[in-house]
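Generate a structure from the sequence data that follows.
(chains A, B, C and D)
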There are 4 protein chains.
Amino acid sequence: METARLETFSDGVFAIAITLLVLLFERPHLSEGQTLGHVLLHQWPSYASYVVSFVTIGIIWVNHHTLFRHIVRVDRLFLFLNVLFLMAVAFIPYPTSLVAQFIRSSHDARPAALLYGIAMTLMAIFLNTLWQYAARGYRLLAADADRREVSGITRSYWPGAAIYGSATLVALWSPAASVIGYALIALFYVLSSSLWSGSAS
Amino acid sequence: METARLETFSDGVFAIAITLLVLLFERPHLSEGQTLGHVLLHQWPSYASYVVSFVTIGIIWVNHHTLFRHIVRVDRLFLFLNVLFLMAVAFIPYPTSLVAQFIRSSHDARPAALLYGIAMTLMAIFLNTLWQYAARGYRLLAADADRREVSGITRSYWPGAAIYGSATLVALWSPAASVIGYALIALFYVLSSSLWSGSAS
Amino acid sequence: METARLETFSDGVFAIAITLLVLLFERPHLSEGQTLGHVLLHQWPSYASYVVSFVTIGIIWVNHHTLFRHIVRVDRLFLFLNVLFLMAVAFIPYPTSLVAQFIRSSHDARPAALLYGIAMTLMAIFLNTLWQYAARGYRLLAADADRREVSGITRSYWPGAAIYGSATLVALWSPAASVIGYALIALFYVLSSSLWSGSAS
Amino acid sequence: METARLETFSDGVFAIAITLLVLLFERPHLSEGQTLGHVLLHQWPSYASYVVSFVTIGIIWVNHHTLFRHIVRVDRLFLFLNVLFLMAVAFIPYPTSLVAQFIRSSHDARPAALLYGIAMTLMAIFLNTLWQYAARGYRLLAADADRREVSGITRSYWPGAAIYGSATLVALWSPAASVIGYALIALFYVLSSSLWSGSAS
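Residues are numbered from 1 along each chain as shown, chains lettered A, B, ... in the order given. I've put the predicted structure just below:
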């Protein structure tokens, strides 16, 4: 019951953050001699950013969902850890629109890619913290939660922040490479999940 | 339980995408000598686009709703197919605002109508894929799902993508005709559903 | 079950439309010599419009909620009538922002007040249609629904559209008077509900 | 049942208001010679405002959540009191963006900090009113609600409005001090809750 309302609230934030991504597409103001067709083709980084962030938030939602299958109660600190986590999720549309706008700029791609990576790294850290807090000594888990599954999640969450942190550092050297990295992380996760999908339902 | 949270999340995205359509109405900045009355009348394509896209997203929601009456479990691949589908739904407000803004332009109506059609075609393809994946070998359906109803849905979903794809191609020749086509698809669906409505509850 | 998902979806649209009202407050761009304090005081019509539309959408939500206590099943035509109704609700933020922006203009207050009234009148007509369709011959009601309560709702819904229609016509003569009318309708409804509140739960 | 739909609707408004905070980050339009890196560092008040308002809305959500564990029925007046409360919550993104934009301005920080404080004070007053109305004579509470817990909530809610009101008055003297006050209120609440967290679940 407690967890039901928390999940509903969290799902609301996920659904809004993911749908607000469409606002990165600003209605074009055509200058003299520009055609809409040219503008729409020229904004391919917006389509790519939209797809990568949409899939990434979708993956985070699936992960959050997986955690809550094991969590049976909440306390106030957990509620606030969840608020911190949602704060990172709800922020994602902003760096997404920056990457879309500036990835082709020689001077400004770097800070855009860095902010995107920092947001993702924070999100991964907060999600991990949320789980570690709940799982430490089975604080918020069912007493009969499957021990192997629980320790499997615990192990699988450590690399997330490290991988996003590394991709973020790559932005210092090559913003384009780091952005490709963010896309590959999402792609890798979708592919690996699909391979497991027979047994993960 | 699994499907409940997925439906709630999907409904959230539907509800937000459909409500964000109102943002296609930008607050007018009147130039010298322009009156608000004239501007409001002159923006009739915005009202028409709002109605067509609102009803279309409403129809998609009803269809998604219909699928989930038969789906009783989900796996990870299905979750990601659903994310792809929602990605197309959440995108709709953008081409809607482009059609509203550019449909009267001689040069720019074509790309706007094309992008609208591409979004709708992708959405129809993803919805169909979602269902085919769930229904193939009753993978995610109840064992006792009504066989006639299931194969009825399977048959009825193939034409959707083809019809939207055709209307999209029409945009190459006449953007206005394709936009009228998008409106007629929505109207046809509402009318035909209403005729069936006694038996479809 | 059927009605549960429809109510959740409708509540989502209500919640988003009511919260998007805040977007009528644009971040001010101060011109030379303007102070923020002056701008914030000068935008009192925005605060008033925000309050009136927020309370009005709140009232509509309560009414919709009341209908669904009696409705136990849905059919496809009802689903589409509900979509039409939600289309009017989701539109409200736009005329609200127009009234806030133009109510002090001598030329442009009239079309803003008219569009606001037309939106409210349509919303009242669609809500009434929704109920008449469900209640005609107890089509979608429980067989044991309280007959007095049902015919009470049926009677109480006719005046809504007429009252909003009248206030809209007043805008042709005096936009300010019609806007005060919209506010009084909301106030009247809240006050009369509160008087009944002991017995209406 | 009654309270379930009210909670869902309220949670929707909370989730949207908290997620709309991201819109305070406007996509930067770089002027000649400006770099994105400089703009992103220079907008630190936006990050700070985002964090403070996000955590504050999160806290309000937790509090609202706590109230509804004791409330078992609603009446119409309670519904409208809840609408007033949500009206204050949904407004928060606007003063948040004003504080972010103007806190470094010598002339315009004061009205921004004042409006932020007024919004928070109103929100606290409405939340308190909501609870007092429900708890007076156990009007909307379960007959067997824990008397100590109920009177504990009643006592703990009086200071909220007074504390926000005081921080608002501080803005007349020093906008910066009042904004630091708003942040400390949120921080204090999170810390004190965490200390209690063992027993508050």
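
ok, A:Leu130 touching A:Leu67?
Yes. In this structure, A:Leu130 is within contact of A:Leu67 by Cβ atoms under 8 Å, at 7.1 Å. Quick note: C-beta positions are derived from backbone N, CA and C, even for glycine.

shared neighbours of these two, which are they?
Residues touching both A:Leu130 and A:Leu67 (Cβ atoms under 8 Å, 6 or more residues apart in numbering or on different chains): none.

Can you tell me the closest non-neighbouring residue to A:Glu26?
D:Arg27 (7.5 Å; Cβ to Cβ, 6 or more residues apart in numbering or on different chains).

Could you give the number of residues near that neighbour?
D:Arg27: 13 surrounding residues under other Cβ atoms under 10 Å in any protein chain shown.

give me phi/psi at it?
In terms of degrees, to the nearest 10, the main-chain angles of D:Arg27 are phi -60, psi 120.

Show the contacting residues for it.
D:Arg27 is in contact with A:26, A:97-98, A:101, counting by Cβ under 8 Å, 6+ apart.

Write out the residues of chain A neighbouring chain B.
A:7-8, A:11-12, A:14-16, A:18-23, A:25, A:27, A:30, A:35-37, A:40, A:50-51, A:54-55, A:58, A:61-62, A:65, A:190, A:193-194, A:196-198, A:200-201 (Cβ under 8 Å from any Cβ of the partner chain).

Of those residues, select the buried ones using a ChimeraX command.
Burial among the residues of chain A next to chain B is assessed by 16 or more other Cβ atoms under 10 Å in any protein chain shown; the matching ChimeraX selection reads:
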select /A:7,8,11,12,14,15,16,18,19,20,21,22,23,25,36,40,50,51,54,55,58,61,62,65,190,193,194,197
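
out of the residues of chain A next to chain B, which are inside strands?
Using DSSP state E, no member of these falls within strands.

quick one, helices of chain A?
All helices of chain A, identified by DSSP state H, fall at A:2-20, A:36-42, A:44-68, A:76-91, A:93-102, A:109-135, A:147-173, A:175-200.

do you know which of the ones you listed lies nearest C:Thr154?
For C:Thr154, the closest of the helices of chain A is helix A:2-20, at 33.6 Å, according to Cβ to Cβ.

from the chain's centre, how far out does that closest one sit?
With Cα atoms, centre = their mean, to the nearest Å as the basis, helix A:2-20 stands 14 Å off its chain's centre.

Just give the closest residue to the closest residue to chain B within chain A, not the sequence neighbours.
Nearest to chain B, among the residues of chain A, is A:Ala15, at 3.1 Å (Cβ to the nearest Cβ). Nearest in space to A:Ala15, with sequence neighbours left out and distances taken as Cβ to Cβ, 6+ apart, is B:Gly12 at 3.1 Å.

before we move on, what about A:Gln132?
The shortest distance from A:Gln132 to any non-neighbouring residue, by Cβ to Cβ, 6+ apart, is to A:Thr154 (7.2 Å).

And for the one you found, the neighbour number?
Number of residues near A:Thr154 (other Cβ under 10 Å) recorded here: 14.

who are the neighbours in contact with it?
Residues near A:Thr154 by Cβ under 8 Å, 6+ apart: A:131-132, A:135.

export those to JSON lines and tack on pLDDT?
Converted to JSON lines, those look like this (pLDDT from 0 to 100):
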{"residue": "A:Trp131", "pLDDT": "93"}
{"residue": "A:Gln132", "pLDDT": "93"}
{"residue": "A:Ala135", "pLDDT": "92"}
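
Which of those residues are buried, as a ChimeraX select command?
In ChimeraX, this line selects whichever of these come out buried by 16+ other Cβ under 10 Å:
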select /A:131,135
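
Compile the contacts of A:Thr154 into a markdown table and extend it with columns for distance to C:Arg76.
Putting the contacts of A:Thr154 into a markdown table (distance: Cβ to Cβ, whole Å) gives the following:
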| residue | distance to C:Arg76 |
| --- | --- |
| A:Trp131 | 43 |
| A:Gln132 | 48 |
| A:Ala135 | 46 |
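
which one of the contacts of A:Thr154 sits closest to C:Ile92?
For the contacts of A:Thr154, the residue nearest C:Ile92 by Cβ to Cβ is A:Trp131; the value is 41.1 Å.

The closest one: what's it in contact with?
Counting by Cβ under 8 Å, 6+ apart, A:Trp131 touches A:67, A:153-154, A:157.

where does chain A have low pLDDT?
By pLDDT under 70, the weakly predicted segments of chain A are A:1, A:193-201.

Isn't A:Leu24 up against A:Ile92?
No. Counting by Cβ under 8 Å, A:Leu24 stays clear of A:Ile92, with 10.6 Å between them.

Count the neighbours of A:Ile180 for me.
With other Cβ under 10 Å as criterion, A:Ile180 counts 15.

how close does it get to A:Trp44?
The gap separating A:Ile180 from A:Trp44 is 14 Å, by Cβ to Cβ, to the nearest Å.

next one: A:Ala167
Using Cβ to Cβ, A:Ala167 is found at 21 Å from A:Trp44.

Looking at the two, which one has more neighbours?
Between A:Ala167 and A:Trp44, A:Ala167 has the larger neighbour count (other Cβ under 10 Å), namely 23 against 11.
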